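# sequence below, structure please.
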Amino acid sequence: MNRELIAVIDEIGRQKGIDKARVIGAIESALQTAAKKRFGQAENIQVEIDGKTGEISVVSKKIIVDTVANPKAEISLKEAREYDEGAEVGDEIGSLIEMDELGRIAAQTAKQVIFQKVREAEWEAVQKEYSTRQGDLVNGIILGMERRNFLVDLGKTEAILPIQEQIPRETYRRGDRVKALLLEVRRTPKDVQVILSRSHPQFVAKMFELEVPEVGEKIVEIKSIVREPGDRTKIAVSSRDKAVDPVGACVGIKGSRVQAVVRELRGEKIDIITWTQDPRVFIAEALNPATIEKVGIDEEKKSALVVVADSQLSLAIGKNGQNVRLAARLTGWKIDIISATEYEKEKAERDRDIKAALAEETEAQRQQDEARAAAQQAE
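Presented below is the predicted three-dimensional model:
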């Protein structure tokens, strides 16, 4: 059995890349625990396995003393010299322990330890490889669904596409191919989990890197991206090369590039705008596809008032406020939108209020002047 044990350890080491000494050390530790359970925890038992022959030795070590107080840990000098004539007080002496069931225990322990070490080695390999790929796109095959989470075969390991990282209303069947963002690699006490995402904004950014060479080569830079998965994405881009139109590069000839991304997102709308440091222009662009008439800003409060034609109001706000909500997140500004009619009405009211205030101030000044003149005449 001992030679078979070494043969198994060698084979596992070659296949899984596990260090032989590491596995042997783990088996020794496990056998030592098993021996202590049988002979008592107080026993100073050590287990050694010969790495070449697989021979297992179990030794009980004791300290040589004049008077034995703890028989499990101590041995008298007289008794010790029966084994070693040169023994002295204070030395440590060991005696072999015969274990009738050592073979069976060793076999079971070795099997358990090797299985555990193989799993740990596989976890470490997965963690090492996929941790360096976090934030990249990966391709996989759907294996099935578990608790509304899709299991995805990546080739060397299985990954999870959680319900919260899926695009709403998107469905898959076993065997379907899927592209996703490698979001995170989590090490747990039981395994290593590779988490995927198709709902994260960076999934869209990586798709543009894949479909638009200028983005992949960093000529066009994605400055900001926000998303409500399954409905709409807004992306602000700029160019490092004045000769390259960043929006045109992302859209492609006849929309070929952006449509490739839209297809992968199952029809999700994508608004691509030019990033600029001018907040008025940036906010107006961010509200695309609506046409903006005026933008007023309060830099201290970082808020903006946007005026649009009456016919553009619903488009600027978007369904359930989605368009203005995404524009606010994209720009980092608080955005309020009003129609041109409402703006003119409020402006007229403000003008009337100003005229009324001026009239009151003029009348008050006139009354003060008259009172002052009357007082002077009385003197």
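
# Gly175 against Val152, yeah?
No. Using CB atoms under 8 Å, Gly175 makes no contact with Val152, being 11.5 Å away. (Glycine included, C-beta is placed from N, CA and C.)

# out of those two, which sits in the more crowded spot?
Using other CB atoms under 10 Å, the more surrounded residue of Gly175 and Val152 is Val152, with 24 against 10.

# so what pLDDT did the residue lying closest to the more buried one once chain neighbours are set aside get?
Leaving aside its chain neighbours, Val152 sits nearest to Gly140 (3.9 Å; criterion: CB to CB, 6 or more residues apart in numbering). pLDDT, Gly140: 94.

# tell me the buried residues in whichever helix or strand Gly140 is part of?
According to DSSP states H and E, Gly140 maps onto strand 137-146. By neighbour count with 16 or more other CB atoms under 10 Å, strand 137-146 contains the buried residues 137-138, 140, 142.

# also stretch 53-63?
54, 56, 58, 60, 62-63.

# also stretch 283-293?
So for stretch 283-293, counting by 16+ other CB under 10 Å, buried means 283-288, 290, 292.

# any idea how far Lys36 is from Ser224?
As for Ser224, its distance to Lys36 is 62 Å (criterion: CB to CB, to the nearest Å).

# mind giving me the domain split of this structure?
Annotated domains of the chain cover 2-128, 135-197, 201-341 [automatic domain parsing].

# okay if I get these as JSON lines plus distance to Ala371?
Below are the domains of the chain laid out as JSON lines (distance: least, CB to CB, whole Å):
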{"stretch": "domain 2-128", "distance to Ala371": "88"}
{"stretch": "domain 135-197", "distance to Ala371": "73"}
{"stretch": "domain 201-341", "distance to Ala371": "41"}
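
# most tightly packed of those?
Ranked by mean neighbour count, the domains of the chain are led by domain 201-341 with a mean of 17 (mean count of other CB atoms under 10 Å).

# for the strand holding Gly140, list the C-alpha coordinates in CSV.
Output of strand 137-146 as CSV, limited to C-alpha atoms (Å, rounded to 0.1, in the frame of the first residue of the first chain):
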residue,chain,number,x,y,z
LEU,A,137,-14.7,40.0,-21.4
VAL,A,138,-15.0,36.2,-21.3
ASN,A,139,-16.9,33.8,-23.4
GLY,A,140,-18.7,30.8,-22.0
ILE,A,141,-21.5,28.2,-22.5
ILE,A,142,-24.6,28.1,-20.4
LEU,A,143,-24.7,24.9,-18.3
GLY,A,144,-28.0,25.5,-16.6
MET,A,145,-29.8,27.6,-13.9
GLU,A,146,-29.6,27.3,-10.2
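
# rewinding a little: shared neighbours of Gly175 and Val152, which are they?
By CB atoms under 8 Å, 6 or more residues apart in numbering, Gly175 and Val152 have these common neighbours: 141-142.

# low-confidence ranges in the stretch 101-250 of the chain?
101-107, 109-111, 113-115, 117-118, 121 (pLDDT under 70).

# for it, which segments count as strands?
For the stretch 101-250 of the chain, strands defined by DSSP state E, counting those that start in this stretch occupy the ranges 137-146, 149-153, 158-161, 177-187, 192-197, 220-228, 232-239.

# which one, of these, ends up nearest to Gly332?
Gly332 sits nearest to strand 220-228 of all the strands of the stretch 101-250 of the chain, at 8.2 Å, using CB to CB.

# for Ser57, give its distance to Gly267.
Computed as CB to CB, the Ser57 to Gly267 distance reads 70 Å.

# one step back: ok and the strand holding Gly140 relative to strand 192-197, angle-wise?
If you take axes from the mean of the first three to the mean of the last three CA atoms, to 10 degrees, strand 137-146 sits at 100 degrees to strand 192-197.

# can you name the residues in contact with strand 137-146?
Contacting residues not belonging to strand 137-146 are listed as 150-155, 158-159, 172-182, 196, 203, 206-207, 210 [CB under 8 Å, 6+ apart].
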